[in-house]
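Novice: give me a model of this one.
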Amino acid sequence: MNRRRTGPDHHTEWCARDHRCNLTEHRSAEILVDLPGHARAVLVRVRASDGREHAEIRVRVALADVDPAARRQLGTLLADLRDLVAHAAVTRRPRPGRTAA
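Specialist: Presented below is the predicted three-dimensional model:
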C-alpha cells in the first residue's frame, strides 16, 4: 500500500526516514543490483516536494580495455537504456472529455 500524506514531515511507508530525506524530498533505501566485476545499478524511489514520484537510477558498467569494443558497449547501453525508459515510462491517460497535454 502506498499511503500519500501531505506536509514535509510525513513519511511514506517506503521512505528511508533518515538523512536521505532532505530538501522536502522523501527517498527510499537503495535497491542494489550488483554483478561483481561487471556492473552495478542502484535504484531509489523519490517523492519530490510537489508530490510527484519518480525512480532515480545510477548504473556503472565495466567497459572493455580497447576503444572500439568500449564504444560498441556504450552504444548498446544507450540503445537498451532508451528502450527501458520508454517501456517503464507511464503515460497519463486523459480523463473523458479532456485532451492529452
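
Novice: who's in contact with the nearest residue to His38 once chain neighbours are set aside?
Specialist: Distance criterion CB to CB, 6 or more residues apart in numbering; nearest residue to His38, sequence neighbours excluded, is Ala62 at 5.5 Å. Quick note: C-beta positions are derived from backbone N, CA and C, even for glycine. With contact set as CB atoms under 8 Å, 6 or more residues apart in numbering, Ala62 has these partners: 37-39.

Novice: most surrounded residue in those residues?
Specialist: Highest neighbour count within the contacts of Ala62, by other CB atoms under 10 Å: Ala39, with 13 neighbours.

Novice: what sits against the residue lying closest to it once chain neighbours are set aside?
Specialist: Nearest residue to Ala39 in three dimensions, chain neighbours excluded: Val61, at 4.6 Å (CB to CB, 6+ apart). By CB under 8 Å, 6+ apart, Val61 lies in contact with 38-39, 73, 77.

Novice: returning to that earlier point: so what does the residue nearest to His38 look like in phi/psi?
Specialist: phi -70, psi 130 (degrees, to the nearest 10).

Novice: ok, Arg72 next?
Specialist: Reported as degrees, to the nearest 10, the phi and psi values for Arg72 are phi -60, psi -40.

Novice: next: Asp80.
Specialist: phi -70, psi -40.

Novice: and it, how far is that from Ala86?
Specialist: According to CB to CB, to the nearest Å, Asp80 and Ala86 sit 11 Å apart.

Novice: cool, and Leu63?
Specialist: Going from Leu63 to Ala86 by CB to CB gives 24 Å.

Novice: neighbour count: the two, which is higher?
Specialist: Leu63 (13 against 8).

Novice: who are the neighbours in contact with the more buried one?
Specialist: 69-70, 73-74.

Novice: in helices, which of the residues you listed fall?
Specialist: Taking DSSP state H, the ones among these that sit in helices are 69-70, 73-74.

Novice: out of the residues you listed, which is nearest to Arg27?
Specialist: Closest approach to Arg27 among those (CB to CB): Leu74, at 28.6 Å.

Novice: and that closest one, how close does it get to Arg45?
Specialist: Using CB to CB, one obtains 27 Å as the distance from Leu74 to Arg45.
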